[in-house]
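Participant: sequence-free structure coming up:
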């Protein structure tokens, strides 16, 4: 076992990472409930704020379990070791998981450059933003004119021409949260 692997095999270190993932899951699920509340109340700005918060916390879980590329090889190997250890504990695979991708969160985090792209490429400069309705309900001359859209029927969030399933992300977060709570209860009962 390498020094890095032994670091992440320490019960105390595992516990810290599991607690952080659990916390980020809790924040994500709270934000998801805020989306539902804002939708029920008809507060579109609050809905998009809550959706952004939800995606930030989902992204934080994703980064722990599937790290971004590091510039330094040592840090990359350390991150990969940590991620594999956490995924093994939680019981999820390296790939084919809804949380692995962070594209929508990245769109929102880099909204300025996405808006630059839209303004440079938009043919007719008409757009629909922070719309709460099924996509296409408002006809504005092309799908490139939809910046942020939330479908209240499906809970799908669209950004320009891409659609993302928030319900799927929330279910994945809920599952991870439940698994981690069980793991933490087992480790607490051992001590």
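Facilitator: Cool, got the structure. These numbers were taken from a predicted model, which means no experiment stands behind them. Numbers count the residues shown, from 1 in each chain.
Participant: List the buried residues of the longest helix seen in the chain.
Facilitator: As assigned by DSSP state H, the longest helix anywhere in the chain is helix 11-41. By neighbour count on 16 or more other CB atoms under 10 Å, the buried set for helix 11-41 is 14, 17-18, 21-22, 24-25, 27-29, 31-32, 34-35, 38-39. (Glycine included, C-beta is placed from N, CA and C.)
Participant: again, but for stretch 60-73
Facilitator: Quick answer for stretch 60-73 (16+ other CB under 10 Å): 60-67.
Participant: Show me those that map onto strands.
Facilitator: Assignment to strands by DSSP state E places none of the buried residues of stretch 60-73 there.
Participant: what's the spatially most central residue of the chain in contact with, if anything?
Facilitator: What sits nearest the mean C-alpha location of the chain, by CA atoms, centre = their mean, is residue 58, with 2.9 Å. Neighbouring residues of residue 58 by CB atoms under 8 Å, 6 or more residues apart in numbering: 24, 28, 99, 105, 169, 173.
Participant: Closest one of those to residue 43?
Facilitator: residue 28 (19.4 Å; CB to CB).
Participant: Run through the residues that contact the closest residue to the closest one other than its chain neighbours.
Facilitator: Spatially, and ignoring its direct neighbours in sequence, residue 28 is nearest to residue 57 (3.7 Å; CB to CB, 6 or more residues apart in numbering). Going by CB under 8 Å, 6+ apart, residue 57 touches 24-25, 27-28, 31, 173.
Participant: repeat that for 7 Å
Facilitator: Neighbouring residues of residue 57 by CB atoms under 7 Å, 6 or more residues apart in numbering: 24, 27-28, 31.
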